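> need a structure here:
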Amino acid sequence: MKTASLALLVLSLSFSAVALANPCAPVVDEIIGLRGVRIELCQINGPNHPDCLAQEAYEFDFVRSVIQQCPSTRYECQRAPHAYVAAWSQRHDICQSAGSSSDPACVSAQAIEDNRFYPFAVCLLNDW
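Here you go, the predicted model:
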């Protein structure tokens, strides 16, 4: 999971340069921050801990509001938010069932979520 955190930091730094070009772009940094906090809390406390679950709920609500407030207008980006939300939900369910963020199934689900996040973030940055 530390690799995911490092990748998020690199992604955040690269996104900062384009943030001014698109009004929805600044939320990418916020989502990256929320994801980072959630990943850390869930690794430390476990995926079923109230702190992890509260952060997940906050992050999920924030992402859903971003999707509603910044609707995709480009065809190639219309699927990205749905794919990310689906992967996010699957990761949540798998990790809760596993009971541990270090369980191989949870680690794999987090990697899939990460892979779905990047296209979603790029689309947000590029004005959908």
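> who touches stretch 90-110?
Residues external to stretch 90-110 that are found in contact with it (Cβ atoms under 8 Å, 6 or more residues apart in numbering): 1, 4, 39, 42-43, 46-48, 56, 87, 112-113. Just so you know, the C-beta spots here come from the backbone N, C-alpha and C atoms, and that holds for glycine as well.
> swap that for stretch 39-56, sorry
For stretch 39-56, the external contacting residues (Cβ under 8 Å, 6+ apart) are 1, 4-5, 34, 37-38, 92, 95-96, 98-102, 106, 110.
> list the buried residues in it.
The neighbour-count criterion (16 or more other Cβ atoms under 10 Å) identifies 39-43, 46-47, 52-53, 55-56 as the buried residues of stretch 39-56.
> mind exporting the C-alpha coordinates of it to PDB?
The C-alpha trace of stretch 39-56 is given here as PDB (Å, rounded to 0.1, in the frame of the first residue of the first chain):
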ATOM      1  CA  ILE A  39      -5.800   4.200   3.100                       C
ATOM      2  CA  GLU A  40      -3.600   5.000   6.100                       C
ATOM      3  CA  LEU A  41      -6.500   4.800   8.600                       C
ATOM      4  CA  CYS A  42      -7.700   1.500   7.200                       C
ATOM      5  CA  GLN A  43      -4.200   0.100   7.100                       C
ATOM      6  CA  ILE A  44      -3.500   1.100  10.700                       C
ATOM      7  CA  ASN A  45      -6.900   0.300  12.200                       C
ATOM      8  CA  GLY A  46      -8.300  -2.300   9.800                       C
ATOM      9  CA  PRO A  47     -11.100  -2.000   7.300                       C
ATOM     10  CA  ASN A  48     -13.900  -2.600   9.800                       C
ATOM     11  CA  HIS A  49     -12.700   0.100  12.400                       C
ATOM     12  CA  PRO A  50     -15.200   3.000  12.900                       C
ATOM     13  CA  ASP A  51     -12.500   5.500  11.900                       C
ATOM     14  CA  CYS A  52     -11.800   3.700   8.600                       C
ATOM     15  CA  LEU A  53     -15.600   3.400   7.900                       C
ATOM     16  CA  ALA A  54     -16.200   7.100   8.700                       C
ATOM     17  CA  GLN A  55     -13.400   8.200   6.400                       C
ATOM     18  CA  GLU A  56     -14.700   5.900   3.600                       C
END
